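[1] how does the following fold in three dimensions:
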Amino acid sequence: MLVLVILLLATSSSLAEIVTGTPRIVDGDTLQIDLTTVRLHGIDAPEVSQPGGRAATVALVELVNNKAIQCEGHEKDDYGRLIAKCRAGDEDINAAMVRRGRAWAYAKYSSDYLVLEQEARQAKRGIWKGSPPAPWDYRAERWKVARQVAPKGCPIKGNITRKGERIYHDPWSPWYRRTSIDERCGEQWFCSEREALEAGWRAPYWR
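    Predicted coordinates for the structure are as follows:
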């Protein structure tokens, strides 16, 4: 039995993916280390374009503060992002975002941070000073509206910058409304983030 337990632990550990380095910040719950995009496990921060979104992104920047961090995850989401818990030294970054009232505990996928969310709510920290829409509801509404006017119902804008960078914008991106698409220049519309990523576009960085 002991041998079996050791083998199972070794197998489980081997499935973990660990990335370390100084990240670039995409938004309040997403960052990139080298070529790996990491989605913070168990939390959902407001989008940059919604109330509290910029503050959430700034909070993540402050937590990272140009430090080398370590992220460990066991699975990837539908967009190929590593779902991970990240640490800056001894600090759990995911937990800190919820504790500061800068992100929801993403109860649909994990109960890890529900107690911290309740504490932040009671203390009226960050987003809990008001009553902003949950980010999953906000994204759904923005997507619904954008699909109605986008070509073929594909609302993600694949923009090419003056430097030649290929960057895609979801309907909830703060740059979405002021980004126009010229298909004659190679820019295009996408129906999903996965489609944009597979075509070589990336999400915009906060910094």
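[2] the most centrally placed residue in the chain: what's it in contact with?
    Geometric centre of the chain, nearest residue: residue 30, 3.0 Å, by CA atoms, centre = their mean. Residue 30 makes contact with 37, 38, 39, 40, 81, 203, according to CB atoms under 8 Å, 6 or more residues apart in numbering. Glycine gets a C-beta too; all of them are placed from N, C-alpha and C.
[3] not counting sequence-adjacent ones, nearest residue to the first one?
    Once flanking residues are discounted, residue 37 sits nearest to residue 81: 4.5 Å by CB to CB, 6 or more residues apart in numbering.
[4] burial of that neighbour, as a residue count?
    Residue neighbour count, defined by other CB atoms under 10 Å, stands at 22 for residue 81.
[5] so where do the helices sit in this protein?
    Remark: helices assigned in the chain by DSSP state H are 2-14, 53-64, 93-99, 114-123, 135-149, 193-198.
[6] hang on, the earlier thing: and the contacts of residue 30, which two are the farthest apart?
    40 and 203 (14.4 Å; CB to CB).
[7] more neighbours: the two, which one.
    residue 40 (26 against 20).
[8] quick one: residues contacting that one.
    29, 30, 31, 84, 85, 86, 93, 94, 97, 103.
[9] touching, the last one and residue 44? I think so.
    Yes. With contact defined as CB atoms under 8 Å, residue 103 reaches residue 44; the gap is 6.2 Å.
[10] looking at those two, which has the bigger crowd around it?
    Shown here are residue 103 and residue 44; by other CB under 10 Å, residue 103 has more neighbours (31 against 23).
[11] quick one: contacts for the more buried one?
    Residue 103 neighbours (CB under 8 Å, 6+ apart): 28, 29, 40, 43, 44, 45, 46, 56, 97, 127.
[12] residues near the last one, how many?
    Pointing back at residue 127 there. 26.
[13] what do you get for the second one?
    Neighbour count of residue 29, defined by other CB under 10 Å: 26.
[14] neighbours of the residue nearest to it when sequence neighbours are not counted, just the number please.
    Nearest residue to residue 29, sequence neighbours excluded (CB to CB, 6+ apart): residue 45, at 4.1 Å. Neighbour count of residue 45, defined by other CB under 10 Å: 27.
[15] distance-wise, check residue 45 relative to residue 147.
    The spacing between residue 45 and residue 147, counted by CB to CB, to the nearest Å, is 24 Å.
[16] do the same with residue 96
    Here the criterion is CB to CB. By it, residue 96 lies 35 Å from residue 147.
[17] contacting residues for residue 74?
    15, 16, 17, 83.
[18] how close does residue 89 sit to residue 55?
    23 Å.
[19] other residues contacting stretch 159-168?
    Counting by CB under 8 Å, 6+ apart, 156-158, 169, 179, 181, 185-187, 190, 193, 196-197, 199-204 sit against stretch 159-168.
[20] could you flag which of these are buried?
    Among those, those scoring as buried are 156-158, 169, 181, 187, 190, 193, 196-197, 201, 203-204 (criterion: 16 or more other CB atoms under 10 Å).
[21] that concludes my questions; thank you for your assistance.
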